[in-house]
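1. here are the coordinates; sequence isn't available:
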């Protein structure tokens, strides 16, 4: 029998209750989800089951890069962080500005780091050949952007509000609107990936991916805040979202996913 939303709701509630009991009994707060979080069915299929492959970089420090994806075919341009200007026409949807800082555990800025984003369009569809959602594509929106953090760790993107979309974790499963973020260090092996959500999304309680972050405070760190000072008059709404790379206030990272 296919899983229903009610089935998933019960599993999510049970996972939260189990986590709260562990913490009450003295276990440490968990800032990141467990890899075998049952309500998120595909996590059981996707997380690593074998130990990492060891590469002897003492022989050649660049050896690890030989089998890694490149950072891009060209240098970053002035429109790479503006997803509304990458085509001949304007994309459909509510324009938004997303800005924040990339910080270490002590609140210090992480400078000159490559930040990439990708997202669905305003109808909730990705521009991807394996996309299965039959919402319309937007010929003027590809949904990818990138930028470098400045000396204060700031990043900034202009894009459109992504739409929610269905997925096949269970019957009538819908993902809240979100933007994927990727941060690079000095090598591909230092890449970190996470997701940013929007405030007051009604789908939060029903989504096993965001609910896999069982700690309430850690889960709230994935949600951007509306910032009127970032809004551009007559053009876009503004959202602020800081990314903390490690420590007790770290942003959830999709480790091993």
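-> Structure received. For clarity, every value in this text was computed on a predicted model and none was experimentally measured.
2. and the gap between residue 214 and residue 196?
-> To residue 196, residue 214 is 19 Å away according to Cβ to Cβ, to the nearest Å. Placement of C-beta: from N, CA and C, glycine included.
3. Give me the spatial nearest neighbour of the residue nearest the centre of the chain, chain neighbours excluded.
-> In the chain, the centroid-proximal residue (Cα atoms, centre = their mean) is residue 195; its distance is 1.6 Å. Excluding the flanking residues, the one nearest residue 195 by Cβ to Cβ, 6 or more residues apart in numbering is residue 178, at 4.7 Å.
4. Spit out the contact partners of the one you found.
-> 119, 162, 195, 196, 197, 198 (Cβ atoms under 8 Å, 6 or more residues apart in numbering).
5. Pretty sure the fifth one sits against residue 176.
-> Yes: judged on Cβ atoms under 8 Å, residue 197 makes contact with residue 176 at a distance of 5.7 Å.
6. Overlap in contacts, these two.
-> Joint contacts of residue 197 and residue 176 (Cβ under 8 Å, 6+ apart) are 204, 210.
7. Name the residues of the helix or strand encompassing residue 13 that are buried.
-> If you go by DSSP states H and E, residue 13 is part of helix 5-24. For helix 5-24, a neighbour-count test (16 or more other Cβ atoms under 10 Å) marks 8, 9, 11, 12, 15, 19 as buried.
8. I'd like the residues you listed written out as JSON lines, with distance to residue 125 and pLDDT added.
-> Putting these into JSON lines (distance: Cβ to Cβ, whole Å; pLDDT from 0 to 100) gives the following:
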{"residue": "8", "distance to residue 125": "23", "pLDDT": "96"}
{"residue": "9", "distance to residue 125": "26", "pLDDT": "96"}
{"residue": "11", "distance to residue 125": "28", "pLDDT": "95"}
{"residue": "12", "distance to residue 125": "26", "pLDDT": "96"}
{"residue": "15", "distance to residue 125": "30", "pLDDT": "94"}
{"residue": "19", "distance to residue 125": "34", "pLDDT": "94"}
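9. which among those gets closest to residue 50?
-> Set against residue 50, the nearest of the buried residues of helix 5-24 by Cβ to Cβ is residue 15 (25.5 Å).
10. any idea how far the helix or strand following the helix holding residue 13 is from the chain center?
-> Next along the chain after helix 5-24, taking DSSP H and E as the criterion, comes helix 41-46. Centre-to-centre, helix 41-46 and its host chain are 17 Å apart (Cα atoms, centre = their mean, to the nearest Å).
11. likewise stretch 107-116?
-> 16 Å.
12. that older thread, show me what the residue nearest to the centre of the chain bridges to in the sheet.
-> residue 180 (DSSP bridges).
13. where does the residue of the chain positioned farthest from its centre land in three-state SS?
-> Most distant from the centre of the chain: residue 59, at 35.0 Å, with distances by Cα atoms, centre = their mean. At residue 59 the chain is in coil, as set by DSSP: H, G, I helix; E, B strand; the rest coil.
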